[in-house]
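K.L.:
show me how the following folds:
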Amino acid sequence: MSQYFTHHVFVCCNQRAAPDACCNTHGASELQTYAKERVKELGLSGKGQVRINKSGCLGRCDDGPVLVVYPEGTWYTFVDKEDIDEIIREHLQNGRIVERLKV
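P.N.:
Numbering: from 1, shown residues only. Purely as a prediction, here's the structure:
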């Protein structure tokens with residue numbers, strides 16, 4: 001059986017009550033939306049390509065914000081649109097792990 005998506009990205013958008021650490025406190029929801037829109041703009045979204053999803057807590061709050069790319073199971077942290085663009089360009093388009101953002 002083949003995969004439905006070549007890459008499935010889950011972005012933790014969990015929100016916890018202060019003072020607990022959480023990804024959404026660091027702008028994860030906004031950057032998830034940006035990633036989803038950017039992948040679509042690049043013509044990478046849809047069946048057989050890339051899917052960007054929001055996720056509840058992924059259990060790595062201290063590393064956050066985080067996302068994970070499947071099927072590889074590669075975990076990344078990110079802080080801005082430039083980091084998201086680099087993950088899209090290097091990992092999703094070119095199959096190269098972005099070592100500086102890997103957690």
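
K.L.:
would you map the helices across the chain?
P.N.:
Applying DSSP state H to the chain gives helices spanning 28-41, 81-86.

K.L.:
what packs against the first one?
P.N.:
What that stands for is helix 28-41. Packing partners of helix 28-41 (3 or more Cβ pairs under 8 Å, 6 or more residues apart in numbering; DSSP states H and E): strand 7-12, strand 50-55, helix 81-86. Heads up, the C-betas are built off the backbone N, CA and C, glycines and all.

K.L.:
point out the most buried one among the ones you listed.
P.N.:
Of all these, strand 7-12 has the most neighbours on average by mean count of other Cβ atoms under 10 Å, namely a mean of 22.

K.L.:
what does it contact?
P.N.:
23-24, 28, 31-32, 35, 49-58, 60, 64-72, 91-92 (Cβ atoms under 8 Å, 6 or more residues apart in numbering).

K.L.:
show the buried residues in the residues you listed.
P.N.:
Buried by 16 or more other Cβ atoms under 10 Å: 23-24, 28, 31-32, 35, 50-52, 55, 58, 60, 64-69, 91-92, out of the contacts of strand 7-12.

K.L.:
from residue 17, how far off is residue 61?
P.N.:
From residue 61 across to residue 17, the span is 13 Å (Cβ to Cβ, to the nearest Å).

K.L.:
looking only at neighbour counts, state which of these two leads.
P.N.:
Applying other Cβ atoms under 10 Å to residue 61 and residue 17 shows that residue 61 carries more neighbours, namely 17 against 6.
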